[in-house]
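S.K.: Need a 3D model of the following:
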Amino acid sequence: MTEQELKNLLKAVTPADEAARAAAHAHWASLAKPLGGLGRLETMVEDAAALMDNPAPDFTRRAVLVLCADNGVVAQGVSQTDATVTRAVLENLTLRRTSVCRMAAAAHCAVVPVDMGIAGVPVPGAVDCRVAPGTADFTHGPAMTRAKALQAIAAGIALVQAQKRSGVQLLATGEMGIGNTTTSSAVASVLLRRPPAALTGRGAGLSDEGLQRKIAAIERGIAVNSPDAADPLGVLAALGGFDIAGLCGVFLGGALESIPIVMDGFISGVAALCAVRLCPAASKAVFASHASSEPGAQLVLEALGKKALITADLHLGEGTGAVASLPLWDMAMAVYNGCYSFTEGGIVPYTPQC
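M.R.: Alright, predicted model coming up:
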């Protein structure tokens, strides 16, 4: 895919359907309960109805896409562990043994492990979307070429299209890649025009010294590459990872295919921000799940204009926060589809008083 082909494709992303949103809102208002009593659960369903152009959406079939990739910047000592852990976790994802796998089983959600570019040979059982065996160290130059960033974005779009063809109606996002809180902090720092120290956290548990190495690596990467915040593709190529670029494509794919994409935490939030900077209308497909404890997470949510359903200081990754929110979707739809109406209950409908 070329840059022009991506631009042409994204022209197909249309605004959300306001008639479907209004119909869903009217249905909520007809149910025998306080108006807006379920808060964000109600607006979530309305947003999904508007995205899907369907006031009676169904989210029975769902999956979490876990995009895995290695990052060259780990050579700068920005993580507790090395790239071998990315492979180990991906292998265990394919065996359905990781945290998100156990949570997904409880939430009746399929798990789709995806190799976007890890070091070494491919892992059997993972969807092969390998761009390269990891990115370059961005402290010495771009993490990837613009062409590779486009390849990863195209792979993310294709993943959504494949899931839609299989009947999936709701997708959650996840990722795994040692060093990817560094890449996401770097991308967010440029796009949000904030200093790295304001956005960078300890990831999987860095010491004070490790955190300072991480911040310093991001500062060097920005200085070496001089990325332009007005060029989100260039920022992704300079400082991102194949997982972030692929997730960017997943959010764009959701907008193109009218499938809600449940954003996990900070890393997938940065990917969503890249998608929205490339195509503002893609915001309609982004659904926030939780407020990660990573320092930059709230800033990304604010930049996206999204509010999280869950605040539980989660920072595990793999899509665990996104999957944790799925039972709330089920409970919202249980009321939306099954609660009695004011008319059925013989109750005078509530009306707005302010």
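
S.K.: Flag the shaky bits of the stretch 1-150 of the chain, pLDDT-wise.
M.R.: Along the stretch 1-150 of the chain, the model assigns pLDDT under 70 to no residue.

S.K.: what about the strands in it?
M.R.: 62-69, 110-117, 127-128 (DSSP state E, counting those that start in this stretch).

S.K.: Just give me the neighbour total for residue 230.
M.R.: 9 (other CB atoms under 10 Å). Every C-beta, even on glycine, is put in place using the N, C-alpha and C of the backbone.

S.K.: same question, residue 128
M.R.: 11.

S.K.: list the contacts for it?
M.R.: Residues near residue 128 by CB atoms under 8 Å, 6 or more residues apart in numbering: 115, 122.

S.K.: Show me the beta-bridge partners of it.
M.R.: residue 115 (DSSP bridges).

S.K.: please renumber so the chain begins at 38
M.R.: Let's use 38 as the start, then, which means that last one is residue 165.

S.K.: Let me have the strands of the stretch 38-187 of the chain in a markdown table, adding distance to residue 348 as columns.
M.R.: Formatted as a markdown table, the strands of the stretch 38-187 of the chain follow (distance: least, CB to CB, whole Å):
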| stretch | distance to residue 348 |
| --- | --- |
| strand 99-106 | 20 |
| strand 147-154 | 25 |
| strand 164-165 | 32 |
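
S.K.: which stretch among those comes nearest residue 118?
M.R.: strand 99-106 (14.3 Å; CB to CB).

S.K.: Restricting to C-alpha, output that closest one in CSV.
M.R.: Only the C-alpha atoms of strand 99-106 are listed here, as CSV (Å, rounded to 0.1, in the frame of the first residue of the first chain):
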residue,chain,number,x,y,z
ARG,A,99,-16.1,-10.8,19.7
ALA,A,100,-12.3,-11.3,19.6
VAL,A,101,-9.2,-9.6,21.0
LEU,A,102,-6.4,-9.0,18.5
VAL,A,103,-3.0,-9.2,20.3
LEU,A,104,-0.3,-7.7,18.1
CYS,A,105,3.2,-8.7,19.0
ALA,A,106,6.5,-7.1,17.9
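
S.K.: Please name every helix or strand in contact with that strand.
M.R.: Strand 99-106 is packed against helix 121-131, helix 136-143, strand 147-154, helix 183-202, strand 207-213, helix 279-294, with contacts defined by 3 or more CB pairs under 8 Å, 6 or more residues apart in numbering; DSSP states H and E.

S.K.: Okay, now the sheet partners of it, with direction.
M.R.: Here, using DSSP bridges, strand 99-106 pairs with strand 147-154 (parallel), strand 207-213 (parallel).

S.K.: Please identify the most buried of the ones you listed.
M.R.: Highest mean neighbour count of the strands paired with strand 99-106: strand 207-213, a mean of 30 (counted as mean count of other CB atoms under 10 Å).

S.K.: what's the next secondary structure element after that one?
M.R.: helix 217-228 (DSSP states H and E).

S.K.: now that next one, how far from the centre of its chain.
M.R.: 14 Å (CA atoms, centre = their mean, to the nearest Å).

S.K.: if we can go back for a sec, any idea which of the helices and strands packed on strand 99-106 gets closest to residue 170?
M.R.: When the helices and strands packed on strand 99-106 are compared (using CB to CB), the closest one is strand 147-154, at 6.2 Å.

S.K.: Between helix 121-131 and that closest one, find me the angle.
M.R.: 150 degrees (axes from the mean of the first three to the mean of the last three CA atoms, to 10 degrees).

S.K.: what angle sits between strand 147-154 and helix 136-143?
M.R.: Using the same axes, to 10 degrees: strand 147-154 against helix 136-143 is 150 degrees.

S.K.: Just the angle for strand 147-154 relative to helix 279-294, thanks.
M.R.: Using the same axes, to 10 degrees: strand 147-154 against helix 279-294 is 130 degrees.
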